[in-house]
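K.L.:
my questions concern the predicted model and sequence given below.
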Amino acid sequence: MFDFQTLLTEMAWPLTILIAWFMGEYGYRLVKLPRISTYAIVGFALASSQAGVLPQAQSTAMLLLVNIAFGLILFECGYRINLRWLRTNPWLAASSLTEAFLTFAAVYFLASWFEQSTPTALLLAALSMATSPATIVRVINEQRSSGQVTERILHLSAMNSVLAVFVFKVIVGLVVFRTSGNLWEATYSSLIVLFASVVLGTTVGILVPALLRITQRTSHDGTLAFTIAIICLVTLAHSLKLSPVLAALTFGLIARHRRVALNTSQRGFGALGDLLSILLFVFIAATLEWRQVVSGIGFGLMLIAVRQIAKMVGISLFAYISGTSWRKGVLIGMATAPMSAFVILVLEQTRSLGINLVDQLAPLAAAAITLEILGPILIQRALIWAREVPESKES
């Protein structure tokens, strides 16, 4: 017998992706609104806690698919990191450390002022350090930007995301140890996970270029090989409860320095990358509940303001000495606003470990949905004001 309700349930995600794609294209053509901002609006509006179109509980398979989408973008971000530049210009790394430290301290004191518990304040501060590489890469690809600001926000987002993962894992380990008293469990959930994730990404980053050389495909389209490798890498990291973030970033970094070149047409992984990015940003917004957003709106907006000021100050302090202007330093700081994709997926990964921090960190909901929509716009404006976007994109 035909069950219309079952059909609607099974078609919820495909229809949502279709709606998000259409609205994203329409919004971009009409007012030049970044597509991923529109994806976030659609995902939040159609979530189970809002319109009720999407299912309330997300399956393990869906979370894995979203992590693969995130992994593809993180690979590209890691691939575009130039270690030689960081060695030549150590002030760039210094600015990353400074802005991360200032952000951590500022958000921690803000959370303490709002009478949050010490573990919650520490976790909020750790997550606030990060800038989402996924949002950065997608907006850069959409705007086809190039230049000093573009490269610096890519490098800074990768570095402070790694720092955020490290600090977050250590704090989670301490929370686990404080709760369970099991030192091994606490150590495994932090340092061992980080080390194993980097080793896994490095191993794949060495093996895949070697296989491409054996098949003599290094000078041709290696996109398929890298896509398959990322799917395998993220699935393995997910199954072993490691960090797909670090594994994918490390894979991209090692692949670049194994002298395997991706041409411009291969960036973004084509139609597959576009499809999965829609799924990613819709999913991120759909995990947020309206009640959490409303209840944490005051704290959330103050968190955004404090975090943004700390990042802009930390980056601007080293702007001139690192070889750029103060103006561009401010624009780079402005472009480091987005964090939602990184934060939500890291929290979902901790839930899969049996550590439910989503409810404990409810104040992040207001900040997350605000930056999910506003963050891409800030990046877009920073790139345009830095004159790194082709003129045809500004009109």
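P.N.:
Good, I have the coordinates.
K.L.:
tally of neighbours for the closest residue to residue 98 other than its chain neighbours?
P.N.:
Spatial nearest neighbour of residue 98, excluding adjacent residues (Cβ to Cβ, 6 or more residues apart in numbering): residue 314 at 4.3 Å. C-betas here are computed from N, CA, C, even on glycine. Residue 314 sits with 25 neighbouring residues when counted by other Cβ atoms under 10 Å.
K.L.:
check the gap between the closest residue to residue 41 other than its chain neighbours and residue 12 for me.
P.N.:
The shortest distance from residue 41 to any non-neighbouring residue, by Cβ to Cβ, 6+ apart, is to residue 373 (6.2 Å). Distance, residue 373 to residue 12, using Cβ to Cβ, to the nearest Å: 22 Å.
K.L.:
the two: which has the busier surroundings?
P.N.:
For residue 373 against residue 12, the residue with the higher neighbour count under other Cβ under 10 Å is residue 373, and the figures read 21 against 16.
K.L.:
can you tell me the helix or strand for that one?
P.N.:
Secondary structure here is read from DSSP states H and E; on that basis residue 373 sits in helix 364-385.
K.L.:
buried sites along that helix?
P.N.:
Within helix 364-385, the residues that count as buried by 16 or more other Cβ atoms under 10 Å are 364-373, 375-380, 382-385.
K.L.:
equivalent analysis for stretch 146-154, please.
P.N.:
Taking 16+ other Cβ under 10 Å as the criterion, stretch 146-154 shows 149-154 as buried.
K.L.:
coming back round to it: do I have it right that the residue nearest to residue 98 meets residue 102?
P.N.:
Yes - the pair formed by residue 314 and residue 102 meets the contact definition of Cβ atoms under 8 Å, at 4.5 Å.
K.L.:
what ranges in the chain fall below the confidence cut-off?
P.N.:
Across the chain, the stretches falling below the confidence threshold (pLDDT under 70) are 1-5, 7, 57-58, 176-189, 216-222, 259-267, 348-363, 391-395.
K.L.:
tell me where it has strands.
P.N.:
Assignment of strands within the chain using DSSP state E yields no ranges at all.
K.L.:
ok, longest helix in it?
P.N.:
For the chain, the longest helix by residue count, based on DSSP state H, is helix 148-180.
K.L.:
do you have the helices of the stretch 51-200 of the chain handy? List them.
P.N.:
Here the stretch 51-200 of the chain has its helices, by DSSP state H, counting those that start in this stretch, at 60-79, 83-88, 90-113, 118-128, 133-143, 148-180, 183-187, 193-214.
K.L.:
can you tell me which of the ones you listed is most buried?
P.N.:
Greatest average neighbour count among the helices of the stretch 51-200 of the chain goes to helix 133-143 (a mean of 26), per mean count of other Cβ atoms under 10 Å.
K.L.:
what sits against residue 284?
P.N.:
For residue 284, the set of contacting residues under the criterion of Cβ atoms under 8 Å, 6 or more residues apart in numbering consists of 40, 43, 340-341, 344-345, 368, 372.
K.L.:
which members of those residues occur in helices, if any?
P.N.:
Judged by DSSP H, the contacts of residue 284 include 40, 43, 340-341, 344-345, 368, 372 as members of helices.
K.L.:
of the residues you listed, closest to residue 214?
P.N.:
Residue 214 has its nearest neighbour among the ones in helices among the contacts of residue 284 in residue 345, at 33.7 Å by Cβ to Cβ.
K.L.:
and the closest residue in space to residue 144 that isn't next to it in sequence, how many residues sit next to it?
P.N.:
Counting by Cβ to Cβ, 6+ apart, the nearest residue to residue 144 once its immediate chain neighbours are dropped is residue 390, at 5.9 Å. As a burial measure, the neighbour count of residue 390 was computed by other Cβ under 10 Å and equals 11.
K.L.:
residue 390 contacts residue 142, doesn't it?
P.N.:
No - the criterion here is Cβ under 8 Å, and residue 390 misses it with residue 142 at 11.8 Å.
K.L.:
quick revisit: from the ones in helices among the contacts of residue 284, pick the one nearest residue 323.
P.N.:
Within the set of the ones in helices among the contacts of residue 284, residue 341 lies nearest residue 323; the separation is 29.3 Å, counting by Cβ to Cβ.
K.L.:
relative to residue 139, how far out is that closest one?
P.N.:
Relative to residue 139, residue 341 is positioned 12 Å away (criterion: Cβ to Cβ).
K.L.:
same question for residue 60.
P.N.:
Remark: distance between residue 60 and residue 139 (Cβ to Cβ) = 30 Å.
K.L.:
same check, this time on residue 235
P.N.:
The gap separating residue 235 from residue 139 is 27 Å, by Cβ to Cβ.
K.L.:
got it, and residue 255?
P.N.:
For residue 255, the distance to residue 139 equals 23 Å [Cβ to Cβ].
K.L.:
please list all residues in contact with the nearest residue to residue 94 once chain neighbours are set aside.
P.N.:
For residue 94, the nearest residue in space outside its immediate sequence neighbours is residue 318; the separation is 5.7 Å by Cβ to Cβ, 6+ apart. Under the criterion of Cβ under 8 Å, 6+ apart, the contact partners of residue 318 comprise 91-92, 94-95, 98, 329.
K.L.:
before we move on, the earlier item: out of the ones in helices among the contacts of residue 284, the closest to residue 280 would be?
P.N.:
Taking Cβ to Cβ as the measure, residue 280 sits nearest to residue 341 out of the ones in helices among the contacts of residue 284, at 6.5 Å.
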